[in-house]
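Q: generate coordinates for the sequence data below:
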Amino acid sequence: MTLWTSADIATATNGAASAAFDVSGVAFDSREIGPGDLFIAMTGEATDGHKFLDQAFERGAAGAIVSQDTPHPNVRVGDTFVALEALAMAARARTGARIIGVTGSAGKTGTKEALFAALDRSPSKKAHRSVKSYNNHTGVPLSLSRMPAEVDYGVFEMGMNHPGELAHLTTLVRPHVAIVTAIAPAHAAFFPDESAIADAKGEIFQGLEPGGVAIIPYDSPHRDRLAAAAAPHAARTVTFGVDASADVRALEAVRAANGGTFVTAKVGERELSYTISQPGQHWVSNSLAVLAAVDAVGGDLALAGLALAELGGLAGRGDRFWVEAGEGRALVIDEAYNANPASMRATLSVLAAENAERRIAVLGEMRELGDKSDAYHADLAEPIRNAGVQLVILVGEAMKPLAKALEGQVEIVHVPDAATARDRLTATLDAGDAVLIKGSNGVGLSAIVAALASGKI
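A: Okay, the predicted model is just below:
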């Protein structure tokens, strides 16, 4: 199926096509190129995509956006990043889809994936979403440029670590519905306090289309701040949470037999009962945001409930698998993609609910927390104790305050890097263990997960 023609690309980017070609996909990483794709030769501080043109075409690229001479079929532009944004804006302009933007300090990717599953489930509707965690200044326009013209819904994740970033991204996405999942001290090094983080997340509302809907967490201490940010741009603000005053609220949430949660929720004047396959109170909150958004775009709430029941675990964000250990098996909970104080607490509570012989937490340091880093790390001692963790493997220099706070309370292993943590974990892993692996992405704990999943331990 043709996504873009060379003529479309040239018109959108104000470029010049060297030849006629059609493309079925878009990528700027040559390793992700497949047959029929468009390769965008991005120029950055670390490398230049033009060096990988031959590789991209060897992998099957049908054309490229370039700013340098090449013998390959191309659209020549002055700046390939500007061209990427222009292509994204053209994709947004040509679609009649209802667009949902998702941001927040935690839960963005899970909520985005659940929304996609809910909206794409209808046999008569088709949805598109940003893949992986493509939520930054290059990932958002890439995800937009990949959106076919003929879709009914588009779901886009947007992230930030500095003020002003979301204000720009939301003008590209131009959502009809904008969600803030939660506010927490992620990227706190770049903000004076949590209120400033809420302000930065609230920038998503600035791009709302006329008649747009803002969806915000009622139970957040920053609810009123977010509502004020939405007021000039949203025709309607919908709240979600467990409080009786929330517009979309959980009336009941009990642990289900499969380890997930059975929820009875009220959406306006309607009640809906559904099961969430993923465990944890944070997923109850995510599901309420999903219901609010599905309702706002006129989707099917019953199908949304079915999608939540069948939603699989996401790699790095709650995926679960079993590994051989001792005379039996051990459970691995993969939360290795990223971490902040709020998400650490949420996933430790998930570990607490596991019926295990021994609970082990492999925790990597949380980065970008600024001058409050020591306190944020030390404060994890309480949820670790409450989770009944018997062994905690702490990774990274920033974990020193937590190691000190836990002295004499649980067994502690403090190591400098992920490789050492892997060795210490595999040396002790035994049948009946439940292991949580979580830390900031830069710590590299995903390598431990990969080793366990492959059996190469």
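Q: let me see the mean pLDDT of the host helix or strand of residue 65.
A: Secondary structure from DSSP states H and E places residue 65 in strand 63-66. Averaging pLDDT along strand 63-66 yields 98.
Q: ok, stretch 264-277 next?
A: Rounded mean pLDDT across stretch 264-277 is 95.
Q: what of stretch 222-236?
A: Averaged over stretch 222-236, pLDDT sits at 98.
Q: re the thing from before, walk me through which strands the strand holding residue 65 pairs with, and which way each runs.
A: Here strand 63-66 is paired, per DSSP bridges, with strand 37-40 (parallel), strand 74-76 (parallel).
Q: CA atoms of it as PDB?
A: The C-alpha trace of strand 63-66 is given here as PDB (Å, rounded to 0.1, in the frame of the first residue of the first chain):
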ATOM      1  CA  GLY A  63      13.500   6.400  -2.000                       C
ATOM      2  CA  ALA A  64      15.200   8.900   0.300                       C
ATOM      3  CA  ILE A  65      14.900  12.400   1.600                       C
ATOM      4  CA  VAL A  66      18.400  14.000   1.300                       C
END
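Q: which other residues reach that strand?
A: Residues from elsewhere that reach strand 63-66 (C-beta atoms under 8 Å, 6 or more residues apart in numbering): 6, 9, 13, 15, 19, 21, 23, 38-41, 50, 53, 56-57, 70, 72-77, 80, 83-84, 87. The way it works is simple: take the backbone N, C-alpha and C, and place the C-beta from them, glycine included.
Q: cool, and stretch 12-25?
A: So stretch 12-25 is in contact with 1-7, 9-10, 34, 36-38, 62-63, 65, 73-77, 82-83, 86-87, 89-90, 146, going by C-beta under 8 Å, 6+ apart.
Q: now the end-to-end length of that stretch.
A: End-to-end distance of stretch 12-25 (C-alpha to C-alpha, to the nearest Å): 16 Å.
Q: tell me the SS of the closest residue to residue 394 other than its chain neighbours?
A: Of all residues not flanking residue 394 in the chain, residue 414 sits nearest, at 4.6 Å (C-beta to C-beta, 6 or more residues apart in numbering). Classification of residue 414 using DSSP: H, G, I helix; E, B strand; the rest coil returns strand.
Q: what ranges does the stretch 101-250 of the chain have for its helices?
A: Assigned by DSSP state H, counting those that start in this stretch, the helices in the stretch 101-250 of the chain fall at 108-120, 139-145, 165-173, 194-201, 223-230.
Q: so who does the closest residue to residue 207 other than its chain neighbours touch?
A: Distances taken as C-beta to C-beta, 6+ apart place residue 170 nearest to residue 207, at 2.9 Å, with adjacent residues excluded. By C-beta under 8 Å, 6+ apart, residue 170 lies in contact with 101, 158, 178, 203-208.
Q: please redo it, this time with the cut-off set to 7 Å
A: By C-beta atoms under 7 Å, 6 or more residues apart in numbering, the contact set of residue 170 is 101, 158, 203-204, 206-207.
Q: over to residue 275?
A: Contact partners of residue 275, counting by C-beta under 7 Å, 6+ apart, are 256, 260, 262, 309.
Q: now list the buried members of the residues you listed.
A: 260, 262 (16 or more other C-beta atoms under 10 Å).
Q: residue 203 contacts residue 166, doesn't it?
A: Yes - counting by C-beta atoms under 7 Å, residue 203 does reach residue 166; the two are 3.8 Å apart.
Q: which one's more surrounded, those two?
A: It is residue 166, of residue 203 and residue 166, that has more neighbours when counted by other C-beta atoms under 10 Å, with 27 against 22.
Q: tell me which helix or strand residue 319 sits in.
A: strand 319-325.
Q: other SSEs contacting that strand?
A: Packing contacts for strand 319-325, counted by 3 or more C-beta pairs under 7 Å, 6 or more residues apart in numbering; DSSP states H and E, involve strand 328-335.
Q: by contact count, what packs against the strand it packs on?
A: So strand 328-335, by 3+ C-beta pairs under 7 Å, 6+ apart, packs with strand 319-325, helix 341-352, strand 433-438, helix 446-454.
Q: what about that strand, distance to the chain center?
A: 22 Å (C-alpha atoms, centre = their mean, to the nearest Å).
Q: between helix 446-454 and that strand, find me the angle.
A: Interaxial angle, strand 328-335 versus helix 446-454 (axes from the mean of the first three to the mean of the last three C-alpha atoms, to 10 degrees): 140 degrees.
Q: give me the contacts around strand 328-335.
A: Identification of contacts with strand 328-335 by C-beta under 7 Å, 6+ apart yields 315-323, 347, 350-351, 354, 356, 429-438, 449, 452.
Q: what do you get for stretch 450-457?
A: Contacts to stretch 450-457, defined as C-beta under 7 Å, 6+ apart, come from residues 321, 323, 332, 422, 426.
Q: which among those end up buried?
A: 323, 332, 422.
Q: show the contacting residues for the last one.
A: Contacts here follow C-beta under 7 Å, 6+ apart; on that basis residue 422 touches 447-448, 451.
Q: so which of the contacts of residue 275 belong to helices?
A: Those of the contacts of residue 275 mapping onto helices are residue 309, per DSSP state H.
Q: what is the nearest of the contacts of residue 275 to residue 277?
A: Each of these was scored against residue 277 by C-beta to C-beta, and residue 260 proved nearest at 4.8 Å.
Q: thought the closest one was touching residue 276?
A: Yes - if you go by C-beta under 7 Å, residue 260 and residue 276 touch, sitting 4.8 Å apart.
Q: list the residues that contact the most centrally placed residue in the chain.
A: Nearest to the geometric centre of the chain sits residue 109, at 2.3 Å (C-alpha atoms, centre = their mean). Neighbouring residues of residue 109 by C-beta under 7 Å, 6+ apart: 133, 157, 314, 317.
Q: tell me what residue 216 is bridged to.
A: Here residue 216 sits in beta bridges with residue 239, going by DSSP bridges.
Q: and for residue 318?
A: residue 314.
Q: ok, now how distant is it from residue 259?
A: 11 Å (C-beta to C-beta, to the nearest Å).
Q: please enumerate the strands of the stretch 51-200 of the chain.
A: Applying DSSP state E, counting those that start in this stretch to the stretch 51-200 of the chain gives strands spanning 63-66, 74-76, 98-103, 127-129, 153-157, 177-180.
Q: which residues touch the longest one?
A: Just to be clear, that refers to strand 98-103. The contact list for strand 98-103, computed with C-beta under 7 Å, 6+ apart, reads 108, 111-112, 115, 152-159, 166, 170, 173-181, 201, 204, 293, 297.
Q: would you mind finding the most buried of the strands paired with strand 63-66?
A: Burial of the strands paired with strand 63-66 is given as mean neighbour count (mean count of other C-beta atoms under 10 Å); strand 37-40 ranks first at a mean of 27.
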